[in-house]
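Enquirer: Need coordinates for the below:
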Amino acid sequence: MKNLIKALIAIAIISLNATLVHAQNSKTTTGIYLTEQDYKLNKLTYALGDNDKLQLNEFLNGKNISMLYQGKKIKLAKSEIYGYKLHNQDYRFFNNEAYGIIDTAGFTIYKKQKLTQQGKGYAPVECYFFSADAKQPVLALTIENLWNSFPSQPGFRYSVQSSFKQDAELMAYDKFLNQYKLKYIYMQHLYQKQDATHASL
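Expert: Predicted coordinates for the structure are as follows:
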């Protein structure tokens, strides 16, 4: 019972810290992406000014976001918008949860803090997710989920299996290439597939 209470308190603290957002100054950008196309074009609807407020309602996966925008109160369903930009970090909504977008080359990788049991209590841990494309669900970044999400790319799937022994290794970063090892492998197989297609024409 004590652990449950501690977990609920921790959830509330995390949610409240990110729930009410004020636009701070012109150097930071906060606003709403209504569609995936808007996100790709970096087109913000309701770009917040200094006196505007954004309430994300993250506690217990609230279904709506609320804004005080140019003196007007606006409510939008998370299921009907793509996501938002908060201080130059982009987020996508999926099942009423916001996922930080960290890499979009080939397919998208996201990050999100999740409460995880640490010893006797709970603590927020950075977890990683992905989606094969914008129409696919956001899934935990695991070797098994990658295998199941790319059925038409056997070369990529087998390379993932042989290159990574544990899920935690999937976020390995090559500082010399300035990219994630997983993305390098994916792009290499994508280019090989394209070369093979051109060679057969």
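Enquirer: Quick check: buried residues in the helix or strand containing N148?
Expert: Under the criterion of DSSP states H and E, N148 resides in helix 143-149. The neighbour-count check on helix 143-149 (16 or more other CB atoms under 10 Å) flags 143, 145-146, 149 as buried. To be clear about C-beta, it is placed using only N, CA and C from the backbone, and glycine gets the same treatment.
Enquirer: what's the answer for stretch 115-132, then?
Expert: Neighbour counts using 16+ other CB under 10 Å place 115, 122, 128-132 of stretch 115-132 among the buried residues.
Enquirer: tell me the average confidence for it?
Expert: Averaged across stretch 115-132, the pLDDT comes to 87.
Enquirer: One more: stretch 41-50?
Expert: Computed over stretch 41-50, the mean pLDDT rounds to 91.
Enquirer: same deal with stretch 185-195?
Expert: On average, stretch 185-195 scores 82.
Enquirer: Return the set of buried residues in the helix or strand just after the helix holding N148.
Expert: Remark: after helix 143-149, the chain's next helix or strand is helix 154-163, criterion DSSP H and E. The neighbour-count check on helix 154-163 (16+ other CB under 10 Å) flags 155-157, 159-160 as buried.
Enquirer: now swap in stretch 29-40 and tell me
Expert: In stretch 29-40, counting by 16+ other CB under 10 Å, buried: 30-34, 38-39.
Enquirer: what residues does that stretch touch?
Expert: Residues from elsewhere that reach stretch 29-40, judged by CB atoms under 8 Å, 6 or more residues apart in numbering: 21, 23, 43-48, 54, 65, 67, 76, 81-88, 90, 92, 134.
Enquirer: can you give me the end-to-end distance of it?
Expert: End-to-end span of stretch 29-40 (CA to CA, to the nearest Å): 16 Å.
Enquirer: same thing with stretch 79-98?
Expert: 11 Å.
Enquirer: ok, L139 to Q118 distance?
Expert: The gap separating L139 from Q118 is 24 Å, by CB to CB, to the nearest Å.
Enquirer: How about Y110?
Expert: Distance from Y110 to Q118, counting by CB to CB: 22 Å.
Enquirer: What is the nearest of the buried residues of helix 143-149 to N96?
Expert: Using CB to CB, N145 is the member of the buried residues of helix 143-149 that lies nearest N96, at 20.5 Å.
Enquirer: The closest one reaches L139, doesn't it?
Expert: Yes. Using CB atoms under 8 Å, N145 makes contact with L139 at a distance of 4.5 Å.
Enquirer: Now list whatever residues contact both of these two.
Expert: By CB under 8 Å, 6+ apart, the residues touching both N145 and L139 are F130.
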